[in-house]
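Asks: Sharing a model that was predicted from the sequence below.
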Amino acid sequence: MSSKMRRQAISTLGILGALDPYTHKVFTGAVQSATSISTALSLPMARDAADPRQDIIQWYNYERCTLEEFYPAITIANLMVMVQDEAFTQSYKEIAQALLTIFRSLGDSFPQYVQQVVPRLIEVTRAYRGRPSHREFFLRQVASLVAIIKVHAKPYMKQIFSLIADAWSEDHGVKVTVVSVLEQIGTALGQEFAPHIPELIPYLLRVVQTDRSEERKLTAQ
């Protein structure tokens, strides 16, 4: 698939509100065809239990979630599958923008989707250890998402700080990004950030002691 087609696919996901749920089930295989018997609509067969999209389709059928809940959930699930696929590397920026746009547009209803995104985004960021450009990019996306979800990021702060601690061992560019990420997270969490400060002090002191950047820009930052 060309990069242009991938961008178009991501754009299409962004306007999933125009998608007929039945058509989506046909596309994912939950319903074999438009001529399938009606019971298939209420009893979809999940082909891959590890695929979160199948869980969401079953959620829609069995628990009768609303379309307002279904559309964002299935869109986010598709985007997270794409972000974990290196075939979409050239489209990561568009995927990240789509995710952040969805969370901003959800308003007060976004908390129910946090668990669907944050743990996987942390996993993807961790997986790019030793690949600075990708690592920096995903660290920024984690920070941008925390800036939106604010205190709802608290359950994942241990994992996020573990990710940050791991990134300190990488090159100068990643360290600069980490400092920026910490600033964003601190601003987003406000007073809720205070309990995590003791964890950061050893790393910040190490920056001051070992900073060899021009004009000690990392320390100044």
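Replies: That came through, no problem. Numbering: from 1, shown residues only.
Asks: give me the low-pLDDT residue ranges for the chain?
Replies: The model of the chain has pLDDT under 70 over residues 1-65, 210-221.
Asks: hey, where'd the helices end up in it?
Replies: Along the chain, counting by DSSP state H, helices occupy 3-14, 21-28, 39-42, 52-62, 67-83, 92-106, 111-127, 132-149, 157-167, 172-189, 197-210, 217-220.
Asks: With mean neighbour count added, can I get the ones you listed in CSV?
Replies: For the C-beta atoms, the positions are set from N, CA and C on the backbone; glycine is no exception. Converted to CSV, the helices of the chain look like this (neighbours: other C-beta atoms under 10 Å):
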stretch, mean neighbour count
helix 3-14, 15
helix 21-28, 16
helix 39-42, 12
helix 52-62, 18
helix 67-83, 20
helix 92-106, 17
helix 111-127, 17
helix 132-149, 19
helix 157-167, 18
helix 172-189, 18
helix 197-210, 12
helix 217-220, 13
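Asks: List the residues that contact residue 114.
Replies: 149, 152-153 (C-beta atoms under 8 Å, 6 or more residues apart in numbering).
Asks: Could you rerun that using 6 Å?
Replies: 149, 152 (C-beta atoms under 6 Å, 6 or more residues apart in numbering).
Asks: what's the answer for residue 146, then?
Replies: By C-beta under 6 Å, 6+ apart, the neighbours of residue 146 are 153, 185, 188.
Asks: Distance of residue 103 relative to residue 117?
Replies: The spacing between residue 103 and residue 117, counted by C-beta to C-beta, to the nearest Å, is 8 Å.
Asks: okay but residue 174 is in contact with residue 132, surely?
Replies: Yes. If you go by C-beta atoms under 6 Å, residue 174 and residue 132 touch, sitting 5.3 Å apart.
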